[in-house]
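Engineer: This is the structure alone, sequence omitted:
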């Protein structure tokens, strides 16, 4: 399976600022996904990011709040914009491999004060 | 819409005892089913998957799961747990033909000595 890294691993940010999270994969993959895991809760898909096309956002998530870049087949970024305390979560990227399997990065733990 | 139900939010068990973590899904169409494990402060790791074929699926770390179409269930089992199995376990489903995973709310398995 692919090896996935994320930067930063954690951060504490002030409300109103933005944070860009990086996701790097050790092999080329077509599909990448971004999830949010709020404290004590399950994972919610934010968007699907395919190289060469605009990201597809799930209901409740918009590009102005969570812009995503996918410049090549091994890298993606998620920006959390104009942050509020409600954005405090773990943000995870994953890659699609095999038959509908996904492999996850270690996550970025974000705290907004 | 597709949904996944994990009825037990927490399952306490003593070491070397058997355990079953329950998962039910709602889809009336063919699905792929997955179990993921999340150790503290880590990302998700794929335990096992059901795509087709034999309804009994074996995964890593001695876990297995059984797909039951009539009961729309995919319960995870292990005959003898270890302290190191203490973690959060997530059941996930994807409709065949899509790449999206829908996660359950998770079950925290706590293994006591």
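Structural biologist: Noted; the coordinates are in hand. Because the structure is predicted, anything quoted here is derived from the model rather than measured. Numbering: from 1, shown residues only, chains lettered A, B, ... in the order given.
Engineer: Let me see the contact set for residue 55.
Structural biologist: I went with chain A, as the question did not name one. Residue A:55 makes contact with A:47, A:48, A:49, A:63, A:68, A:70, according to C-beta atoms under 8 Å, 6 or more residues apart in numbering or on different chains. Backbone N, C-alpha and C define where each C-beta goes, glycine included.
Engineer: wait, chain B
Structural biologist: Taking C-beta under 8 Å, 6+ apart as the test, what residue B:55 contacts is B:66, B:67, B:68, B:69.
Engineer: Hmm, residue B:56 and the third one touching each other?
Structural biologist: No - taking contacts as C-beta atoms under 8 Å, residue B:68 lies outside contact range of residue B:56: 10.3 Å.
Engineer: what's the strand or helix carrying residue B:47 packed up against?
Structural biologist: Residue B:47 belongs to strand B:44-50 when assigned by DSSP states H and E. For strand B:44-50, the packing partners by 3 or more C-beta pairs under 8 Å, 6 or more residues apart in numbering or on different chains; DSSP states H and E come out as strand A:101-104, strand B:31-38, strand B:56-58, strand B:64-68, strand B:73-78.
Engineer: still on that earlier bit, quick one: which of the contacts of residue A:55 is nearest to chain B?
Structural biologist: Closest approach to chain B among the contacts of residue A:55 (C-beta to the nearest C-beta): residue A:48, at 6.9 Å.
Engineer: Give me the pLDDT for that closest one.
Structural biologist: Looking at residue A:48, its pLDDT stands at 93.
Engineer: how deep is it tucked in, by neighbour count?
Structural biologist: 20 (other C-beta atoms under 10 Å in any protein chain shown).
Engineer: again with the one 3 residues further on
Structural biologist: Other residues lying near residue A:51 total 16 when counted by other C-beta under 10 Å.
Engineer: Good, wrapping up.
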